[in-house]
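**Student:** sharing a model that was predicted from the sequence below.
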Amino acid sequence: MRRNRKEILSISTLIATAASLILIAIVYGAYVFSERSGALSQSAFDVSFSELRLSRAFNILLEAESSQRGFLLTHDASYLQPFLTYRQRAGAELDHAEEQMKQLDMVGSAPALAQLREVIEAKLTELDQTVAMGAAGEMDQARAVVRGNVGRDLMSQARDIVSDKLRQLANLRAERVADAQANAARLTTLTTIGVFSVVLLSLVGVAQVYSYSADLAGAQDKLATINDALERRVAERTRSLQTANEEIQRYAYIVSHDLRAPLVNIIGFAKELAASVKSIAPALDLPSPAGDGPVIAQARLAVKEDIPEALKFIDASTTRMDNLINAILSLSRLGRLPLLPQDIDLAALTERCVASLQHRLNDAGARVAIEGRLPRMIGDQQALEQIIGNLLDNAAKYLAPERSGRLLVRGRRAGPQVVIEVEDNGRGVAPGDHERIFELFRRAGKQDRAGDGIGLAHVRSLVRRLGGEIAVTSDGESGCTFTVTLPADLRRAMAEGYVNA
Amino acid sequence: MRDPNPPVMIVMIEDDDGHARLIEKNIRRAGGRHEILRFATGAAALDFLLGGGATRPRSPRARLILLDLNLPDMTGLDILARLKADERARRLPVIVLTTSNDKRDIEKCYDLGASVYMIKPPNYDSFANAIQQLGLYPAAIQAPETI
């Protein structure tokens, strides 16, 4: 079972998002519910306070009545003292209760309270009246009022209203408390669900991580195995390539060596022939006893023109063939070129190449610039000088006549490799010739410059000897860029067997 | 009066007939009347120079050896090594003439004690000069201007 990276990422993201959303929901829910819980508690408290206020107002009325009764019964002024006190407070208490109940916003309580106030006012008037009568000594009259049951009726009316209100308040309080309890229960449920969800998601996450880790470990194992196999195969291939390469080089060496032996004979005997012809020529100019017949004339033509012409062609061809064979020989030797890895300052090396080519560059009217900083590397100085020198020389050789030559060298580090680019604004290389120009004795474009098609083949052999590769990019008109990729550390490449020591 | 250019024996070890002929012609053209004894194989040359056991004693007459490195039966380097290892033959000057311009071959030849290393085709003027330098031509010789 293999999951791709995208899938793993999306599942992880999903879990993380879900967990975050749940946490936010819990926090928000807790906030909402606790706000509500606070409001409900406050409201329940308000109801209780209203009950208290209302009871107190009624109690005061009761106290005032019993004080009045005591005074009328005993005519003792000490009974009158509480009455006066309560009488004074009754109005205020009723105000308080009314105010408190208004806050509760109880539907239909305003008319009841107004009625209660009327009843209480009437009761208080009755009490004042009777107490005033008692104080004036008209005890009997006062008692008659009391006995008239007006006060009692008023009192029971007040009691009815108060108890009715109190019942309503008690119901309201019970309602609010129930609400608060339900609210608390909901909060608990929410928290429980949230906690469970988070725990569940954590478990899913842990399971995912565990499963990914297992997958990862498995994949790593597999990768290691594949890597090992790959490395073995690369090493095998490298070895067999090296063997094949060595064989080709040996072959090239032997072939070119053996080709030279007959060539030496052709060169040598052509020279002998030239010497012989030279010695014949004066003899043909001597007066002949047979006279200057057509035979002698033909012989003269042969000796003075035909044979020298033939020898000239033989000489030109053998010289060229000798050069070609020498090129193959030197190319085959590059494969065995002993490498000396050392710390290379590419900028300094390039400047040395430019300095040694200065004369040629001046003749071609080419300017060389190093763009940016060239990296340092470990390489073979001689080989690198030949590579860069040859590329610059080549660029200077094939400039476009209509614009002044401008060569650019730049370089950068790319992982374990160094990339060196030599760019020019010359005539370029046609897209079909990008591979061909690196082949031995092959040339491309207008053949108006002397050359045997050796330079770039030589460069590529050197680059490959160093374990690198070379390529050219060009539109075939406005110049070209040669890109050389080399191991940044030749010493390591040699130690690891990717480059022959 | 003593001959200022006494003919000596030059042993040429060369398998290519054409090369052998060219070398001989150029020695002759430079005025040398030396006896030139050519061997086409290394074994025959070594037999002659070092002696092939009791039946064929070594020749004491050879004064100069011209050696090709590319022979059918053994390499010129082997022959050079054998000669230089021999007590009596090791002072014989050896001119190596070969088609190879391989730096390592050249170095090996000089290491083994070759006197001169020349790449074929040699410039025959310097070839004659080399032979002269090796003491075969006393200073009084005037090389005929035949080339």
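**Tutor:** Noted; the coordinates are in hand. Numbers count the residues shown, from 1 in each chain, chains lettered A, B, ... in the order given.

**Student:** leaving out the residues flanking it, which one is nearest to the one residue in the stretch 351-500 of chain A that gets nearest to chain B?
**Tutor:** Closest to chain B within the stretch 351-500 of chain A is residue A:382: 13.3 Å, counting by CB to the nearest CB. The C-beta positions use only the backbone N, C-alpha and C, and glycine is treated the same way. With sequence-adjacent residues excluded and distances taken as CB to CB, 6 or more residues apart in numbering or on different chains, residue A:382 is closest to residue A:340, at 7.5 Å.

**Student:** any idea how far residue A:390 is from the one you found?
**Tutor:** Taking CB to CB, to the nearest Å as the measure, residue A:340 falls 19 Å from residue A:390.

**Student:** same deal with residue A:478?
**Tutor:** Between residue A:478 and residue A:390 the distance is 22 Å, computed by CB to CB.

**Student:** name the residue in the two with the higher neighbour count.
**Tutor:** Here residue A:478 and residue A:390 are compared on neighbour count by other CB atoms under 10 Å in any protein chain shown; more neighbours surround residue A:390, at 21 against 13.

**Student:** with adjacent residues omitted, what lies nearest to residue B:106?
**Tutor:** In space, residue B:106 comes closest to residue B:117 once its chain neighbours are excluded; the distance is 5.2 Å by CB to CB, 6+ apart.

**Student:** my error: substitute residue B:37 in the last question.
**Tutor:** Distances taken as CB to CB, 6+ apart place residue B:11 nearest to residue B:37, at 5.3 Å, with adjacent residues excluded.

**Student:** now do residue A:272
**Tutor:** Among residues not flanking residue A:272 along the chain, residue B:25 sits closest, at 6.7 Å (CB to CB, 6+ apart).

**Student:** ok, residues contacting stretch A:409-418?
**Tutor:** With CB atoms under 8 Å, 6 or more residues apart in numbering or on different chains as the test, stretch A:409-418 has contacts from A:346, A:350, A:368-372, A:374-375, A:377, A:388, A:392, A:419-423, A:468, A:485-489.

**Student:** can you list the residues of chain B near chain A?
**Tutor:** Neighbours of chain A within chain B, by CB under 8 Å from any CB of the partner chain: B:16, B:18-19, B:22, B:25, B:70, B:99-103, B:120-121, B:147.

**Student:** give me the buried subset of these.
**Tutor:** Buried members of those, scored by 16 or more other CB atoms under 10 Å in any protein chain shown, are B:16, B:19, B:22, B:25, B:70, B:99-102, B:120-121.

**Student:** now for the residues you listed: which two are most distant?
**Tutor:** B:25 and B:102 (26.9 Å; CB to CB).

**Student:** look at residue A:486 and give its secondary structure.
**Tutor:** Under DSSP: H, G, I helix; E, B strand; the rest coil, the three-state class of residue A:486 is strand.

**Student:** in this structure it contacts residue A:462, no?
**Tutor:** No. With contacts counted by CB atoms under 8 Å, residue A:486 stays clear of residue A:462, the gap being 10.0 Å.

**Student:** who is the residue lying closest to residue A:489 once chain neighbours are set aside paired with across the strands?
**Tutor:** For residue A:489, ignoring the flanking residues on the chain, the nearest one in space by CB to CB, 6+ apart is residue A:378 at 4.7 Å. Beta-bridge partners recorded for residue A:378 (DSSP bridges): residue A:343, residue A:489.

**Student:** list the residues that contact residue A:378.
**Tutor:** Counting by CB under 8 Å, 6+ apart, residue A:378 makes contact with A:341-344, A:488-492.

**Student:** can you say which of those are buried?
**Tutor:** Buried members of the contacts of residue A:378, scored by 16+ other CB under 10 Å, are A:341, A:344, A:488-491.

**Student:** and the host helix or strand of residue A:196, what does it pack against?
**Tutor:** If you go by DSSP states H and E, residue A:196 is part of helix A:150-285. Using 3 or more CB pairs under 8 Å, 6 or more residues apart in numbering or on different chains; DSSP states H and E as the contact test, the elements touching helix A:150-285 are helix A:5-74, helix A:80-104, helix A:109-135, helix A:294-301, helix A:307-334, helix B:17-29.

**Student:** in TSV: the ones you listed, plus distance to residue A:255 and mean pLDDT.
**Tutor:** What follows is these, written out as TSV (distance: least, CB to CB, whole Å; pLDDT from 0 to 100):
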stretch	distance to residue A:255	mean pLDDT
helix A:5-74	54	83
helix A:80-104	116	79
helix A:109-135	123	83
helix A:294-301	40	84
helix A:307-334	8	88
helix B:17-29	18	89
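
**Student:** of all the ones you listed, which one is nearest residue A:183?
**Tutor:** Evaluated over these, closeness to residue A:183 peaks at helix A:5-74, with 5.2 Å, by CB to CB.

**Student:** tilt between that closest one and helix A:150-285?
**Tutor:** For helix A:5-74 against helix A:150-285, the angle by axes from the mean of the first three to the mean of the last three CA atoms, to 10 degrees is 170 degrees.

**Student:** roughly how far is helix A:5-74 from the heart of the chain?
**Tutor:** Averaged C-alpha coordinates place helix A:5-74 at 50 Å from its chain's average position (CA atoms, centre = their mean, to the nearest Å).

**Student:** what's the answer for stretch A:327-339, then?
**Tutor:** Relative to the chain's own centre, stretch A:327-339 is displaced by 47 Å; criterion: CA atoms, centre = their mean.

**Student:** got the buried residues for it?
**Tutor:** Residues of stretch A:327-339 classed as buried by neighbour count (16+ other CB under 10 Å): A:327-335, A:337, A:339.

**Student:** which ones, among those residues, also lie beside chain B?
**Tutor:** A:329, A:333.

**Student:** for residue A:429, helix, strand, or coil?
**Tutor:** Assignment for residue A:429 (three-state DSSP): coil.

**Student:** who does the residue lying closest to it once chain neighbours are set aside bridge with?
**Tutor:** Closest residue to residue A:429 apart from its sequence neighbours, by CB to CB, 6+ apart: residue A:474 at 4.4 Å. The partner list for residue A:474 in beta bridges (DSSP bridges) reads residue A:480.

**Student:** show the contacting residues for residue A:474.
**Tutor:** Counting by CB under 8 Å, 6+ apart, residue A:474 touches A:428-431, A:434, A:480-481.

**Student:** appreciated, that's everything.
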